[in-house]
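Engineer: Pasting the sequence and the predicted coordinates here, then a few questions.
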Amino acid sequence: MLNKHREYVRKSSDKKTVCLMVHGIVGTPRYFDRIIPYLPEEWSIYNILLDGHGGSVEDFCHTSMAKWRRQVKEALGKLSEEYEEIIIFAHSMGTLLCMEAAEGYKERIKHMVLFAVPLCPFLKPQALYTSLKVIFKKVNEDKEIEVNAREQYSVTPDRRIWKYIGFAPRYIELLKLSDKIRKRVGRVNIPATVFMSGKDEMVSRNSYGYLLKNPHFTIHCLDNSSHNWFDERDFEYITKEIKKLWEV
């Protein structure tokens, strides 16, 4: 695997293009493992790990949205000084963090590739059920979606369920950020390819309406995929679309 809940960096001698990758809440840089092999070798990659992720429940409880915002902004600032152009790949909460910070660096950002943009978060019972199976280590090894959920969850599971009360402030901050970006998404002046999942158990389809307000966004629906998991047919479609970024 390219990374195991750790930051992944690939530096190329070519200083033209760099990809900044930002995962979602309680997510992992590993979300992009399958995508990275399809990117040109001459592109540099900075696949960051957000603060409080990749560790214990306590680590996550003691981080904050402010730290995540600062990480993304600092990454964009650093990369804009080193490279001619930046391409953003982001998933879920990472899409919100990137859209918020990107306006300050739009001269350098060539394109954004956004997955499962949570402009209207909506937690379905299936999502909670799967999360509990991951936490209590009851994942059915024969169910690909459950195995994927375990691999994509970067916080070490803890059966002491009361400890997860500390997650509440982080999710409240996420809802506030969703509201902020939802109100301004139509004004994000950066081209983006957006992939939304038809079977997303964490994002309402109402998000589509807000995304459509932006003429710079091209939106695709992955009919058979969920929030963190790609159906094979959908993934093949994704790879064909992202190749257009450098084949033009």
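Structural biologist: Sure thing, it's come through. Numbering: from 1, shown residues only.
Engineer: Quick one: residues contacting Asp234.
Structural biologist: Ser197, Leu222, Asp223, Asn224, Ser225 (Cβ atoms under 8 Å, 6 or more residues apart in numbering). Every C-beta, even on glycine, is put in place using the N, C-alpha and C of the backbone.
Engineer: Which of these ranks first by neighbour count?
Structural biologist: Ser225 (25 neighbours; other Cβ atoms under 10 Å).
Engineer: Show me the residue at the heart of this protein, geometrically.
Structural biologist: Centroid-nearest residue in the chain, with Cα atoms, centre = their mean: His91, separated by 1.7 Å.
Engineer: Which residues are in contact with it?
Structural biologist: Val22, His23, Gly24, Gly27, Tyr31, Phe32, Leu114, Phe115, Ala116, Asn228.
Engineer: That one and Glu81: what is the separation?
Structural biologist: 25 Å (Cβ to Cβ, to the nearest Å).
Engineer: With Met196 instead?
Structural biologist: Applying Cβ to Cβ to Met196 and Glu81 gives a distance of 33 Å.
Engineer: And the contacts of the lowest-mean-pLDDT helix or strand in the chain?
Structural biologist: Within the chain, judged by mean pLDDT, DSSP states H and E, the helix or strand with the poorest mean is helix 244-247; its value is a mean of 86. For helix 244-247, contacts defined as Cβ under 8 Å, 6+ apart pick out Pro40, Ile87, Lys110, His111, Val113, Thr193.
Engineer: try stretch 55-70
Structural biologist: By Cβ under 8 Å, 6+ apart, stretch 55-70 touches 26, 50-53, 93, 97, 100-101, 155-156, 158, 163-164, 166-167, 169-170, 173-174, 176-177.
Engineer: Run through this structure and note the low-pLDDT ranges.
Structural biologist: 1-3, 248 (pLDDT under 70).
Engineer: Next up, the contacts around the closest residue to Lys213 other than its chain neighbours.
Structural biologist: Once flanking residues are discounted, Lys213 sits nearest to Gly186: 3.6 Å by Cβ to Cβ, 6 or more residues apart in numbering. By Cβ under 8 Å, 6+ apart, Gly186 lies in contact with Tyr210, Lys213, Asn214.
Engineer: returning to what we had before: kindly write the ChimeraX command that selects the buried subset of the contacts of His91.
Structural biologist: Remark: buried members of the contacts of His91, expressed as a ChimeraX selection using 16 or more other Cβ atoms under 10 Å:
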select :22,23,24,27,31,32,114,115,116,228
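Engineer: Looking at the contacts of His91, spot the one nearest Lys73.
Structural biologist: Comparing those against Lys73 with Cβ to Cβ places Val22 closest, at 11.2 Å.
Engineer: Please name the nearest non-neighbouring residue to the closest one.
Structural biologist: Nearest non-adjacent residue to Val22 (Cβ to Cβ, 6+ apart): Gly94, at 3.4 Å.
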